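Asks: model this:
(chains A and B)
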Protein chains: 2
Amino acid sequence: MTKVTCDMAVSVDGFTAGPNQSADTPFGDGPVERLTQWMFEQPEANAAEIDAIVAAGAFIMGRNMFGPDRGDWDESWTGWWGDEPPYHAPVFVLAHRPREPLEMQGGTTFTFVTDGIESALAQARQAAGSADVAIAGGAFTVNQYLAAGAIDELRLHVAPVVLGVGERLFEGVGPLSLERVGVNATDLVTHLTYRIVR
Amino acid sequence: MTKVTCDMAVSVDGFTAGPNQSADTPFGDGPVERLTQWMFEQPEANAAEIDAIVAAGAFIMGRNMFGPDRGDWDESWTGWWGDEPPYHAPVFVLAHRPREPLEMQGGTTFTFVTDGIESALAQARQAAGSADVAIAGGAFTVNQYLAAGAIDELRLHVAPVVLGVGERLFEGVGPLSLERVGVNATDLVTHLTYRIVR
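Replies: Presented below is the predicted three-dimensional model:
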């Protein structure tokens, strides 16, 4: 049966990005490069976790993850990932303005959903078939799905940094009971996988 | 050389206690029993980490960890731990009112320090000799020492629960660069040990 998963790179104090995110600084200010350093500097040591991030049959992301400026991109903006995004599957973008679907190379299609998180999840489930649906981020979107009780498996990639300020995972969420189903660590990250108990 | 260590049991979202802490509910409201369940239900599986918590040569704690009511205990209050507290070493309590030292059974002595965190640390270092000094909590006190750059090793005991509200570790702290020096997991807790890089 389809599982709803969520991968998030977080600081030890639970931030997924610093403050003042923009087109030039999509992760905001501060030592935010630490959050994803494990992906870029040690891809082989973390290969299983990196592969799992894009293994779902459909994805959902917030408009701030698709583009900068709180969704006020023009029609020429096609996401951060170039012509061939790493998803290779349908991606549903929570937008506040309608837009025609964008078909990219390699199987990624961005569909813009303006009628809320439940609608996006229903569409993603249908698109995924028997595969998993992944909530791809950012934190604001993940927190909405967590608060709605819609996520089954949370995979935290904890980077060895305290940011102190920024965008916080779990804001407005809880209490939630979790069950740890896996832990794996390399130099630059600790991977914690939790099942959310209902 | 003396290291300054700190052990903290935290929720996945970084809380060390829920809201509304009192004498009857020292950890506050919410599913806070999850924070320390690993100690009480699986002491053997977590024996090394439990032993390490009280292995230091001297301890420092905030007044809210020594007693309830924000330090307004009377002279008959001798801490939460009965006649023989588990520290078996000098404990320096950050107090706002002077009080004579309290000698307990088993080697624990509570000394009340009213002139600040630096004074308490200097006294604890002297008392510990070549052994480690442990900042015992609570979060408010730990955050003060973290912000002052005084902690060398942070041992987080992450419980599988999201509390959503409460007393937050790392409040007002950061950015800090960490280096992971250990990870160990049992069913009810993930032990993460970090060195704080300066």
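Asks: avg pLDDT for the top helix by length along chain A?
Replies: Taking DSSP state H as the criterion, chain A has its longest helix at helix A:117-128. The average pLDDT within helix A:117-128 is 98.
Asks: so what secondary structure elements neighbour that helix?
Replies: In terms of contacts (3 or more C-beta pairs under 8 Å, 6 or more residues apart in numbering or on different chains; DSSP states H and E), helix A:117-128 is packed against strand A:58-62, strand A:90-94, strand A:109-113, strand A:133-137, helix A:139-147. Just so you know, the C-beta spots here come from the backbone N, C-alpha and C atoms, and that holds for glycine as well.
Asks: direction included, what does the lengthiest strand in chain A pair against?
Replies: Counting by DSSP state E, the longest strand found in chain A is strand A:176-186. With DSSP bridges as the test, strand A:176-186 is paired with strand A:189-197 (antiparallel), strand B:161-162 (antiparallel).
Asks: okay, those in JSON lines with mean pLDDT next?
Replies: Below are those laid out as JSON lines (pLDDT from 0 to 100):
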{"stretch": "strand A:189-197", "mean pLDDT": "98"}
{"stretch": "strand B:161-162", "mean pLDDT": "98"}
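Asks: out of those, which is the most enclosed?
Replies: strand B:161-162 (a mean of 26; mean count of other C-beta atoms under 10 Å in any protein chain shown).
Asks: up against chain B, what does chain A have?
Replies: Applying C-beta under 8 Å from any C-beta of the partner chain, we find that chain A lies next to chain B at A:12-14, A:30-31, A:34, A:146, A:156, A:158, A:160-165, A:169-170, A:172-180, A:183, A:185, A:187, A:190, A:192, A:194.
Asks: tell me what the one helix or strand in chain A whose mean pLDDT sits lowest is packed against?
Replies: In chain A, no helix or strand scores lower on mean pLDDT, DSSP states H and E than helix A:63-66, which sits at a mean of 93. On a contact count with 3+ C-beta pairs under 8 Å, 6+ apart, helix A:63-66 meets strand A:90-94.
Asks: quick revisit: right, and the helices and strands packed on helix A:117-128 - which one's nearest B:P86?
Replies: For B:P86, the closest of the helices and strands packed on helix A:117-128 is helix A:139-147, at 36.4 Å, according to C-beta to C-beta.
Asks: hmm, who's touching the helix or strand following that closest one?
Replies: Using DSSP states H and E, the helix or strand that follows helix A:139-147 in sequence is strand A:153-159. By C-beta atoms under 8 Å, 6 or more residues apart in numbering or on different chains, the residues outside strand A:153-159 that reach it are A:3-12, A:34-38, A:49, A:52-53, A:146, A:169, A:178, A:181, A:188-196, B:12, B:192.
Asks: mind putting the helices and strands packed on helix A:117-128 in CSV, distance to A:A120 and mean neighbour count included?
Replies: Below are the helices and strands packed on helix A:117-128 laid out as CSV (distance: least, C-beta to C-beta, whole Å; neighbours: other C-beta atoms under 10 Å in any protein chain shown):
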stretch, distance to A:A120, mean neighbour count
strand A:58-62, 5, 25
strand A:90-94, 5, 25
strand A:109-113, 4, 20
strand A:133-137, 9, 26
helix A:139-147, 9, 21
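Asks: need the ones you listed in CSV with mean pLDDT, can you?
Replies: Formatted as CSV, the helices and strands packed on helix A:117-128 follow (pLDDT from 0 to 100):
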stretch, mean pLDDT
strand A:58-62, 98
strand A:90-94, 98
strand A:109-113, 98
strand A:133-137, 97
helix A:139-147, 97
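Asks: how about these in a markdown table, adding distance to B:T108?
Replies: Formatted as a markdown table, the helices and strands packed on helix A:117-128 follow (distance: least, C-beta to C-beta, whole Å):
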| stretch | distance to B:T108 |
| --- | --- |
| strand A:58-62 | 51 |
| strand A:90-94 | 55 |
| strand A:109-113 | 60 |
| strand A:133-137 | 48 |
| helix A:139-147 | 42 |
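Asks: and B:E118, which of those is closest to it?
Replies: helix A:139-147 (36.2 Å).
Asks: that older thread, run the chain-centre distance for the longest strand of chain A.
Replies: With C-alpha atoms, centre = their mean, to the nearest Å as the basis, strand A:176-186 stands 18 Å off its chain's centre.
Asks: stretch A:179-187 too?
Replies: With C-alpha atoms, centre = their mean as the basis, stretch A:179-187 stands 18 Å off its chain's centre.
Asks: repeat that for stretch A:108-125.
Replies: With C-alpha atoms, centre = their mean, you get 14 Å for stretch A:108-125.
Asks: who touches that stretch?
Replies: With contacts defined as C-beta under 8 Å, 6+ apart, stretch A:108-125 is touched by A:2, A:4, A:58-60, A:66, A:78-79, A:81, A:84-104, A:133, A:141, A:144-145, A:148, A:150.
Asks: kindly report the same for stretch A:41-52.
Replies: A:D7, A:W38, A:M39, A:R155, A:H157, A:N184, A:T186, A:D187, A:L188, A:V189, A:H191.
Asks: turn these into CSV, including distance to B:A124.
Replies: As requested, the contacts of stretch A:41-52 are exported to CSV (distance: C-beta to C-beta, whole Å):
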residue, distance to B:A124
A:D7, 41
A:W38, 36
A:M39, 41
A:R155, 39
A:H157, 36
A:N184, 36
A:T186, 35
A:D187, 32
A:L188, 33
A:V189, 33
A:H191, 36
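Asks: most neighbours of all those residues, which one?
Replies: A:V189 (26 neighbours; other C-beta atoms under 10 Å in any protein chain shown).
Asks: residue contacts, that one?
Replies: A:A9, A:Q37, A:W38, A:N46, A:E49, A:H157, A:V158, A:A159, A:P160.
Asks: repeat that with 6 Å
Replies: By C-beta atoms under 6 Å, 6 or more residues apart in numbering or on different chains, the contact set of A:V189 is A:W38, A:H157, A:A159.
Asks: check what pLDDT A:P26 gets.
Replies: For A:P26, pLDDT reads 86.
Asks: ok, the one 10 residues further on next?
Replies: The confidence metric pLDDT takes the value 96 at A:T36.
Asks: could you measure from it over to A:I135?
Replies: Here A:T36 is placed at a distance of 18 Å from A:I135 (C-beta to C-beta, to the nearest Å).
Asks: and if you look at A:L102?
Replies: Counting by C-beta to C-beta - A:L102 and A:I135 are separated by 20 Å.
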